[in-house]
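**Student:** need a structure here:
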Amino acid sequence: MRTSIDFPDPLFRTLKASAAMQGKSLRDHVLQLIERGMQQADQPQLKREPRPVPAIPTITFIEPVDRSAFLLTNEQVNEILDQDEIERYERVMRQLDKPYGGA
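**Tutor:** Down below sits the predicted model:
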């Protein structure tokens, strides 16, 4: 059966050069490439095995730990953040009060 296919110019040049390098006609080279592609399409695709995920390290305490000591209320968190913001503001203001290039 005869058919026409429009190849983009760069692809056509590549196909023609590849066929010439193998000593084949363009027709035979394209047919071989199509057949090879069809055979690969018929084969089941190999699935990559997922990489193993490393285990999360755990910390084991020798003595029991009172975990409530690590829990903070929202108020406590906000106080810490407010204090941090105040300290940063004061640091910036001290820098602005220094003479240019001063110590």
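**Student:** ok, residues contacting the longest helix along the chain?
**Tutor:** For the chain, the helix that runs over the most residues, judged by DSSP state H, is helix 74-97. Helix 74-97 is contacted from outside by Leu72, using C-beta atoms under 8 Å, 6 or more residues apart in numbering. All C-beta atoms are positioned from the backbone trio N, CA, C, and that covers glycine.
**Student:** what's the spacing between that helix and its chain's center?
**Tutor:** 36 Å (C-alpha atoms, centre = their mean, to the nearest Å).
**Student:** Likewise for stretch 67-76?
**Tutor:** With C-alpha atoms, centre = their mean, you get 36 Å for stretch 67-76.
**Student:** cool, stretch 14-31 as well?
**Tutor:** Distance, centroid of stretch 14-31 to centroid of chain: 38 Å (C-alpha atoms, centre = their mean).
**Student:** can you start the count at 589 instead of 1 from here on
**Tutor:** Will do, 589 is the new start, and the previous item becomes stretch 602-619.
**Student:** Contacts for it next, please.
**Tutor:** 595, 620-621.
**Student:** can you map out the strands along the protein?
**Tutor:** Taking DSSP state E as the criterion, the chain contains no strands.
**Student:** which residues of it score low on pLDDT?
**Tutor:** 631-634, 653, 688-691 (pLDDT under 70).
**Student:** before we move on, back to that, what subset of the contacts of stretch 602-619 is buried?
**Tutor:** Among these, none is buried by neighbour count (16 or more other C-beta atoms under 10 Å).
**Student:** In helices, which of the residues you listed fall?
**Tutor:** Using DSSP H, the contacts of stretch 602-619 in helices are 620-621.
**Student:** Redo the contacts of stretch 602-619 as TSV? Include distance to Ala605.
**Tutor:** Formatted as TSV, the contacts of stretch 602-619 follow (distance: C-beta to C-beta, whole Å):
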residue	distance to Ala605
Phe595	13
Gln620	15
Leu621	14
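**Student:** Ile644: which of the contacts of stretch 602-619 is nearest?
**Tutor:** Leu621 (48.5 Å; C-beta to C-beta).
**Student:** what residues are up against that closest one?
**Tutor:** Applying C-beta under 8 Å, 6+ apart, the residues contacting Leu621 are Leu603.
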